[in-house]
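Peer 1: Let me see the structure of the following:
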Amino acid sequence: MGVVSAAADVAVALFSLTVAVAAPLIDAQSVLPRHLFPAPLVSLKRWYAREFGDYLVARPPGFLRGLVWLELAFLWPLAVATLYGVLARRRWAATTSLIAGVSTLTSMSAILGEIVGSKKATPKLLQMYVPFAVFAVIAILRGLCSSAPRGTAGSSLGPSARKKRA
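Peer 2: Numbers count the residues shown, from 1 in each chain. Below is the predicted model of the structure:
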């Protein structure tokens with residue numbers, strides 16, 4: 001079980017790092033004025049949209065702009081916290097991982113529903129979006145399956161509040 005847990009930690013850390021970097025540098029270009037971003041980042045976004053045929057990034061519809069605002073305001077700080085929590089082995093990282101996974105899976109469901117429903121889903125485009133849905137599921141499972149140390153499961157009292165028996 002330790003290997004599976006370590007693999008989940010690596011996947012969640014990689015996912016969190018990707019969101020922590022991409023959200024403010026790439027995704028934010030969909031909702032903020034272009035002049036706020038350096039030319040190489042604007043060119044990178046245009047290249048990606050052209051190369052992968054990502055019509056949502058090229059001309060973001062209203063629902064995608066809303067999801068980007070949600071990502072910037074909520075998911076980005078959560079991804080930074082989750083990355084720190086996983087790397088520092090904090091117990092609360094299971095909770096942030098769960099929340100980030102649910103938020104991302106919800107967004108990916110809407111995006112993938114649009115891509116597949118519009119019949120514009122190319123294998124290359126799906127290769128960009130499906131991994132985020134997979135990482136989201138791994139983050140959810142990591143959050144749900146992280147076990148508390150023995151003796152504390154189900155206890156709401158901290159160690160100093162427990163009574164000692166003589």
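
Peer 1: any idea how far L98 is from the residue lying closest to D27 once chain neighbours are set aside?
Peer 2: In this structure, D27 finds its nearest non-sequential neighbour in V68, 5.2 Å apart by CB to CB, 6 or more residues apart in numbering. The way it works is simple: take the backbone N, C-alpha and C, and place the C-beta from them, glycine included. Separation of V68 from L98 (CB to CB, to the nearest Å) stands at 22 Å.

Peer 1: same check, this time on T18
Peer 2: On the measure of CB to CB, T18 and L98 end up 18 Å apart.

Peer 1: who has more neighbours, the two?
Peer 2: Neighbour count, other CB atoms under 10 Å: between T18 and L98, L98 has more, with 19 against 15.

Peer 1: and that one, what is it in contact with?
Peer 2: 139-140, 142-144 (CB atoms under 8 Å, 6 or more residues apart in numbering).

Peer 1: Look up which helix or strand the spatially closest residue to A13 that is not a sequence neighbour falls in, please.
Peer 2: Take A13 and drop its neighbours on the chain: the residue closest to it by CB to CB, 6+ apart is V86, 4.8 Å away. Secondary structure from DSSP states H and E places V86 in helix 76-87.

Peer 1: So which bits of the next helix-or-strand element following that helix are buried?
Peer 2: Using DSSP H and E, the next helix or strand after helix 76-87 towards the C-terminus is helix 93-117. Buried residues in helix 93-117, defined by neighbour count with 16 or more other CB atoms under 10 Å: 93-94, 96-101, 103-105, 107-108, 111-112, 114-115.

Peer 1: ok, now stretch 71-91?
Peer 2: Counting neighbours by 16+ other CB under 10 Å, stretch 71-91 gives 71-72, 75-76, 78-83, 85-86 as buried.

Peer 1: what about the protein, any weak spots by pLDDT?
Peer 2: Scanning the chain for pLDDT under 70 picks out the ranges 1, 147-166.

Peer 1: So which residues of it form helices?
Peer 2: Ranges of helices in the chain, per DSSP state H, are 2-25, 39-52, 55-58, 62-70, 76-87, 93-117, 123-145.
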